[in-house]
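Novice: Generate a structure from the sequence data that follows.
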Amino acid sequence: MAVFSRCSRAATAPTRIATATFAYVIRALSSSSFCSSSTLNTETDLNNNNKPAALGTLQREPKGRNVQWVFLGCPGVGKGTYASRLSNLLGVPHIATGDLVRHELASSGPLSSKLKEIVNQGKLVSDEIIIDLLSKRLGVEAAKGESGFILDGFPRTIRQAEILEGVTDIDLVVNLKLREEALLAKCLGRRICSECGGNYNVACIDIKAENGRPGMYMAALPPPPQCESKLITRADDTEEVVKERLRIYHEMTRPVEDFYRSRGKLLEFDLPGGIPESWPKLLQALNLEDHEDKESAAA
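Specialist: Below is the predicted model:
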């Protein structure tokens, strides 16, 4: 199989088994793909025709699209938030590798102690571990008869991108971007309720316009009263670890952006602010409509 020729010859037997499982499950989910041939930067191209061709073929009906999309972006940029919203809108599974890792961390499985050390040091999890976790999750979706997916946090390396390309056609890759000062504040403001697991953010980001750059406002996402006394900070959300995570991300993932840009599948979206400002513009960039969101706003 083509996918194996791209993998390291030094891969161990367990790695080959994990990759084979991943390849099998992806094929089970594969559906007819869109053809895309250009890159969009939302600051300049949102209102013109320079969008990936795949976007023009989408129907307005939110169910049964069977899209196969990837969300890229720095840790903390909001991939999970927007991928989850689109998952609900399009009716396809949202598969976040970050959630898969955290689920494994919380378990007593054989990988938990190894993962804990990697995450606490701000390092990226290896290809082999990610592929193993992802293949298991995709197997669950395939068993339920699910078709299509939105991947969040995968691929992060060229090797992962090549493995993915070898077994399925990705329709579109959405690359979310956010100013670094806002991104750092957002990461350091993240909080989790130790009881219900809810995610909140105590940072209120207010960047003033200067030197021709527009201002940016992102309101805090406070917890409900019953969670206020139960908030905890993730062990890896310290300034030192966050900065190191961002450095590693840029070093390893920029080639992935170039990989999909060269194939005309990359849509680059600069977040203009929080969810109220960014969600409608992201939908516009994707040629989508959220009827429920419109009805809520009109109510």
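Novice: shaky segments in the stretch 1-150 of the chain?
Specialist: Along the stretch 1-150 of the chain, the parts satisfying pLDDT under 70 run over 1-65, 142.
Novice: Leu90 against Gln68, yeah?
Specialist: No - using C-beta atoms under 8 Å, Leu90 is not in contact with Gln68; the gap is 10.9 Å. C-beta here means a position set from N, CA and C on the backbone, and glycine is covered the same way.
Novice: got any residues that touch both of these two?
Specialist: Gly148 (C-beta atoms under 8 Å, 6 or more residues apart in numbering).
Novice: Kindly provide the distance from Tyr260 to Gly166.
Specialist: 15 Å (C-beta to C-beta, to the nearest Å).
Novice: Of those two, which one has the most company?
Specialist: For Tyr260 versus Gly166, neighbours defined as other C-beta atoms under 10 Å are more numerous around Tyr260 (24 against 17).
Novice: these two touch, right, that one and Ala161?
Specialist: Yes - between Tyr260 and Ala161 a contact is recorded at 7.3 Å, counting by C-beta under 8 Å.
Novice: if I pick Ser113, what's in contact with it?
Specialist: With C-beta under 8 Å, 6+ apart, Ser113 has no contacts at all.
Novice: Give me the phi and psi for it.
Specialist: Here is the backbone geometry of Ser113 (degrees, to the nearest 10): phi -70, psi -40.
Novice: got it, and the one 4 residues further on?
Specialist: Phi and psi for Glu117, reported as degrees, to the nearest 10, are phi -70, psi -40.
Novice: three-state assignment of Tyr217?
Specialist: Classification of Tyr217 using DSSP: H, G, I helix; E, B strand; the rest coil returns strand.
Novice: Quick one: residues in contact with stretch 198-218.
Specialist: 179, 181-182, 185-186, 188-193, 219-223, 227, 231, 272-274, 277.
Novice: Now the terminal residues of that stretch, how far apart.
Specialist: 19 Å (C-alpha to C-alpha, to the nearest Å).
Novice: did I read that right, Asp206 in a strand?
Specialist: Yes - assigned with three-state DSSP, Asp206 falls within a strand.
Novice: now it: how far from Lys144?
Specialist: Counting by C-beta to C-beta, the gap from Asp206 to Lys144 is 44 Å.
Novice: of those two, who's got more company?
Specialist: It is Asp206, of Asp206 and Lys144, that has more neighbours when counted by other C-beta under 10 Å, with 12 against 9.
Novice: Who is that one paired with across the strands?
Specialist: Beta bridges link Asp206 to Tyr217, judged by DSSP bridges.
Novice: the strands in the chain, which residues?
Specialist: Using DSSP state E, the strands of the chain run over 40-41, 68-73, 94-96, 149-152, 172-177, 190-193, 199-201, 205-207, 216-218, 231-232, 266-270.
Novice: any chance of those in TSV, plus distance to Asp290?
Specialist: Below are the strands of the chain laid out as TSV (distance: least, C-beta to C-beta, whole Å):
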stretch	distance to Asp290
strand 40-41	19
strand 68-73	16
strand 94-96	15
strand 149-152	15
strand 172-177	16
strand 190-193	25
strand 199-201	21
strand 205-207	24
strand 216-218	20
strand 231-232	30
strand 266-270	16
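Novice: Looking at those strands, spot the one closest to Gly139.
Specialist: If you check each of the strands of the chain against Gly139 by C-beta to C-beta, strand 94-96 wins as the nearest, at 11.4 Å.
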